[in-house]
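Q: Make a model of this:
(one chain, ligands or ions: 3)
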Amino acid sequence: MQITRTIPELRAALAGYLRPAFVATMGNLHDGHLALVRQARALGDVSVASIFVNRLQFLPHEDFATYPRTLEADCARLQAAGCNVLFAPAEEVLYPEPQTFKVLPDPALADILEGQFRPGFFTGVCTVVMKMLSCVQPRVAIFGRKDYQQLLVLRQMARQFALPVEVVAGETQRAGDGLALSSRNGYLSTEERAEAVQLSQTLQAMAAAVRSGERNLAAIETRAMEALTARGWKPDYMALRRAADLQPPKPGDALVVLGAARLGNTRLIDNLEIPTTP
Ligand SMILES: Nc1ncnc2c1ncn2[C@@H]1O[C@H](COP(=O)(O)OP(=O)(O)OP(=O)(O)O)[C@@H](O)[C@H]1O
Ligand SMILES: CC(C)(CO)[C@@H](O)C(=O)[O-]
Ligand code: BAL
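A: Ligands and ions are numbered 1, 2, ... in the order given. Presented below is the predicted three-dimensional model:
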């Protein structure tokens with residue numbers, strides 16, 4: 001694996017390839033990231049991963065400063081997964097001057113759910129991903145379904161800007177008990193880690209209620225919020241939405257159930273797609 005730190009080094013490493021496949025990450029890599037890298041290997045003639053903790057997508061009170069930076073271990077894991085090129089720029093390389101040009105996503109998609117609780121988050125994500133795509137110039141970019149809303153926002157960005165890249169979804173990788181793998185799981189204490197499975201279990205219960213024919217979606221959402229709150233969580237949202245655009249669903253729409261909740265100081269997100277409604 002070639003490790004590149006600057007845009008010219010990256011471009012030189014990719015010269016001659018016709019179909020780079022790209023995975024953007026913030027590092028502290030786990031098997032969810034590595035599954036995306038393996039997908040990239042299968043989809044491209046060269047696989048490229050980036051590691052960059054993007055200041056623009058963090059609010060002032062969030063964990064930008066303490067986000068785990070584990071470059072050495074990440075390189076070993078990427079190498080073992082067969083990644084060909086890593087782009088790991090310093091902040092001065094990606095943002096040599098203040099990034100005053102921004103990519104503003106569609107508020108109908110980006111100001112709800114995650115965007116409501118993390119204002120400006122998707123502007124930060126779109127801006128850095130646009131810049132990464134400009135640096136890497138991949139033909140394929142793979143984003144995880146675990147960050148479902150992010151996937152939809154980035155797909156819309158690629159489509160509306162006619163970017164010459166295919167956005168591909170990677171399946172959510174889970175621990176044995178069902179907890180979605182996430183870098184932030186590392187913040188959990190032993191007791192919190194045991195409790196954390198309740199997020200995916202609550203999403204499962206919401207999906208089961210829909211599948212069993214319950215039609216009062218607001219009541220399902222309220223029950224889920226109350227159940228998590230009773231166990232000591234602070235949920236931001238537990239929401240049943242139309243899978244295509246995260247708007248309130250109409251009968252027959254494919255659904256997705258999305259949740260974000262804080263357990264102690266750790267904020268976790270997860271979702272489950274419900275392909276058809278009875
Ligand atoms: N469990 C997972 N399964 C599949 N893809 C994942 C998983 N977790 C993260 N990803 C994807 O990996 C890419 C990089 O995500 P990121 O580096 O933020 O990891 P993360 O584990 O989601 O971190 P955080 O805990 O900070 O949200 C994104 O496309 C994200 O959707
Ligand atoms: C896509 C991304 C790498 C942009 O910083 C980030 O939002 C993430 O890790 O999901
Ligand atoms: N996994 C999405 C990146 C973030 O939470 O900042």
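
Q: Run through the residues that contact the single nearest residue of the stretch 151-278 of the chain relative to ligand 2.
A: Closest approach between the stretch 151-278 of the chain and ligand 2, counting by C-beta to the nearest ligand atom: Leu154, at 7.3 Å. Backbone N, C-alpha and C define where each C-beta goes, glycine included. Residues counted as contacts of Leu154 (C-beta atoms under 8 Å, 6 or more residues apart in numbering) are 125-126, 129, 141, 143, 167.

Q: Would you agree it falls within a helix?
A: Yes. Leu154: assigned to a helix according to DSSP: H, G, I helix; E, B strand; the rest coil.

Q: With adjacent residues omitted, what lies nearest to Ser50?
A: Phe87 (4.4 Å; C-beta to C-beta, 6 or more residues apart in numbering).

Q: So, low pLDDT: which residues of the chain?
A: Applying pLDDT under 70 to the chain flags the ranges 277-278.

Q: got the residue ranges for the strands in it?
A: Along the chain, counting by DSSP state E, strands occupy 2-4, 20-25, 46-51, 85-87, 140-144, 166-170, 234-242, 255-263, 266-274.

Q: what's in contact with stretch 5-16?
A: The contact list for stretch 5-16 (C-beta under 8 Å, 6+ apart) reads 2, 4, 20, 46, 48, 85, 87-90, 93, 135-137.

Q: ok, now with 10 Å
A: Stretch 5-16 is contacted from outside by 1-4, 20, 22, 45-46, 48, 50, 84-90, 93-94, 96, 131-132, 134-138, using C-beta atoms under 10 Å, 6 or more residues apart in numbering.

Q: which of the residues you listed count as buried?
A: Buried members of the contacts of stretch 5-16, counted by 16 or more other C-beta atoms under 10 Å: 1, 4, 20, 22, 46, 48, 50, 84-89, 93-94, 131-132, 135-138.

Q: which residue does the stretch 51-200 of the chain bring closest to ligand 2?
A: Proximity to ligand 2, evaluated over the stretch 51-200 of the chain using C-beta to the nearest ligand atom, is greatest for Asn54 at 4.0 Å.

Q: With ligand 1 as the reference, measure out to that residue.
A: Asn54 sits 9 Å away from ligand 1, going by C-beta to the nearest ligand atom, to the nearest Å.

Q: Starting from Gln57, give me the distance back to the residue of the stretch 151-278 of the chain closest to ligand 2.
A: Going from Leu154 to Gln57 by C-beta to C-beta, to the nearest Å gives 12 Å.

Q: Common neighbours of these two, please.
A: In contact with both Leu154 and Gln57: 122, 125-126, 129, using C-beta under 10 Å, 6+ apart.

Q: ok, which residues in the stretch 1-150 of the chain are in contact with ligand 2?
A: For the stretch 1-150 of the chain, the contact set with ligand 2 under C-beta under 6 Å from any ligand atom comprises 24-26, 54, 57, 125, 128-129, 147, 150.

Q: Helices of the stretch 151-278 of the chain, start to end?
A: 190-211, 217-230 (DSSP state H, counting those that start in this stretch).
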